[in-house]
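S.K.: Sequence and predicted structure below; questions after.
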Amino acid sequence: MTPPEESAARDDEMLVHGLAQLVDSRGDVSDPLATVGDAYVWIRNGRFAATGRMRDLPPEAARLLDDPDDPRAFDASGCIALPGLVDSHTHAVFGATRAHEFERRLSGATYGEIAAEGGGILFSVRDLRSRDEDELVALTHPRIAEFARFGVTTVEVKSGYGLTAADELKSLRAIRRLAEDPGLPRLVPTFLGAHAIPPEFASDRAAYVRLVIDEMLPAVATDGLADFCDVFCDEGAFRLDEAEEILTAAARWGLGLKIHAEEFQPLGGAALAARLGAASADHLIAIDPAGIAALAASSTVATLLPGTSLFLKLGRHAPGRALADAGATLAVATDFNPGSSMTQNLPLMVPLACLNLGLTIAEAVRGVTHGGALALARPDLGSLEPGSSGDLTVFDAGDVRDLAYHYGVPRVVLTVRAGRRIWHDASR
Ligand code: NIG
Ligand code: FE
C-alpha cells in the first residue's frame, strides 16, 4: 500500500548535483557497492526521475541550474549520496527517559537485574500509561525529527510500552498522527503488545496472550493502526509457543510479522520467523547455527542491532559475518529505545556493524538502506532506481568508505523524503 503523501502528484522537483560519489545500495551481499563519480540525482513528483554522471545530465534537469539561487538545486560538491537511510527497528514512542538506569548499569547492575526489580521495560510501561495521546505525540515528535538530522528518511516505530488494549492503541494512534507530518521521516508502525507480560498478568500469562490475540490484534488490524506485529521472544519475555500463537493470529489479520529473537537466549525465534515467512528476525545475538541456516534459507531479513550490544555492555555481538556468509539478507538498525539503545544515530551503526559484527562496509551500508527497506517489505525504498521513492541522504564525505572508516564523523548535509527536504545543514 502506497501512503497518500507519496502517491499525490507533487509539482516540486529537486536536483542534487556535483556529487563526489553516488552510492547505489542494491545488489547481492557479496557485491561491492556500485558508485558513480561526479554525479547528479534528479527527483520529480516525489520519485527518482534519473541519476547518473553530470556530463549526462538531461537538459530538462539542467534547467534547474540556470538560476544559481533556485532552491530546487542543491550543490553537493565534496559529498556522497545514498538512498535515504531506513531505520527498521525502533521503540520511539515512550515517555520519560531512563538515564537513572543507565547510570546504575555503568556501576555494575545488569539490564536483567533492573528488569527483575520492576524497572526496565516495566518502568516505561508505568510511565506511558500515565500519559495521554497528545503528550505522547509532543514527546515523540522531536525524537523522530532527530532521525532526519542523522539522514534517516524512514523509521519503523513499535508500540509495546502500553500493554493494555487502550494504551497500545494510544501509542499506535500517536504514531499515526506523527506519520501524517510530511516534514518528518516516514513512519512504519508495528504493534508490539507482546513486549512484556504486564505485572497484573504475572500469575496468568496465558490470559495476557489471549488479550493480545482476542482484543488487541483485532482492534489494531480493524483500525489499520499497524503494518507489522512483533513479539519479544526470549527468557523473561514470551516463550516460543506463545510467539507462534500470536504471530499466526497476526498473519490471519493480514499483518506482516517481525520477532525479537535470540537477543539473550536461543529459543528458536529466528527459525520460527523463517517458517512463518516473517519480514524480519531481529537482534540475533545468541542465534545458533540452526537459526542461521534457517534465516539463510528464507527471505526473512536478519536485522542486526549493534548499538544494543554496546549499550547493554553485553560483550557479545550478533554473528553478522556468519549470517552474511551463510547468505542471509541483512538489515542494520538502531533499536532506538530508552533502555537498551538510546540513540537515533543510524550512521553510527555502520562502523559498529563493521568493527563488532564483522560486516564489510558494503554490507553495513546496504543494511541501513536496501536491507532496512526489505525488513519493512518496502521495495520502493532504499533504492535509487527511477520510480522508487525519492528519498536521499547526502553526507559531507568524499568516499562511501568514510562512513565506517572516519567513524562517527561524516555529517549529514541533506535529508530528502519523497522529494522534500526534511533536514539540511543551513551552513551550506
Ligand atoms: O529491543 N528487547 C526488548 N525490547 C527492547 C528494549 C526495550 C527497553 O528496554 O525499553 C529491545 O532491546
Ligand atoms: Fe527492540
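M.R.: It's in. Ligands and ions are numbered 1, 2, ... in the order given.

S.K.: ok, now how distant is residue 168 from ligand 1?
M.R.: 15 Å (C-beta to the nearest ligand atom, to the nearest Å). Using the backbone N, CA and C atoms, a C-beta is placed for each residue, glycine as well.

S.K.: give me the element that residue is part of.
M.R.: Per DSSP states H and E, residue 168 falls inside helix 165-179.

S.K.: Walk me through which strands the helix or strand following that helix pairs with, and which way each runs.
M.R.: Counting by DSSP H and E, the element after helix 165-179 in chain order, helix or strand, is strand 186-194. Partners of strand 186-194 in the sheet, by DSSP bridges, are strand 152-158 (parallel), strand 228-233 (parallel).

S.K.: near ligand 1, anything from strand 186-194?
M.R.: No: Strand 186-194 does not reach ligand 1 (C-beta under 6 Å from any ligand atom); its nearest approach is 8.1 Å.

S.K.: what's the average pLDDT for that strand?
M.R.: Strand 186-194 shows a mean pLDDT of 98.

S.K.: between that strand and helix 165-179, how big is the angle?
M.R.: With axes from the mean of the first three to the mean of the last three C-alpha atoms, to 10 degrees as the basis, strand 186-194 and helix 165-179 are set at 170 degrees to each other.

S.K.: residues of the helix holding residue 168 that come out buried?
M.R.: 165, 167-179 (16 or more other C-beta atoms under 10 Å).

S.K.: Using CSV, lay out those together with pLDDT.
M.R.: Shown next, in CSV, are the buried residues of helix 165-179 (pLDDT from 0 to 100):
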residue, pLDDT
165, 98
167, 98
168, 99
169, 98
170, 98
171, 98
172, 99
173, 98
174, 98
175, 98
176, 98
177, 98
178, 98
179, 98
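
S.K.: of all the residues you listed, which comes closest to ligand 1?
M.R.: Proximity of these to ligand 1 (C-beta to the nearest ligand atom) peaks at residue 171, which lies at 12.9 Å.

S.K.: Spatially, what comes nearest to that closest one if we skip its sequence neighbours?
M.R.: residue 159 (3.9 Å; C-beta to C-beta, 6 or more residues apart in numbering).

S.K.: mind checking the backbone torsions on the one you found?
M.R.: phi -80, psi -160 (degrees, to the nearest 10).

S.K.: re the thing from before, closest to residue 93 out of the buried residues of helix 165-179?
M.R.: residue 171 (4.8 Å; C-beta to C-beta).

S.K.: Let me see the contact set for that closest one.
M.R.: Shown in contact with residue 171 (C-beta atoms under 8 Å, 6 or more residues apart in numbering): 93, 128, 136, 159, 160, 161, 162.

S.K.: In this structure, which residue sits closest to ligand 1?
M.R.: Closest point on the chain to ligand 1, by C-beta to the nearest ligand atom, is residue 339, at 2.3 Å.
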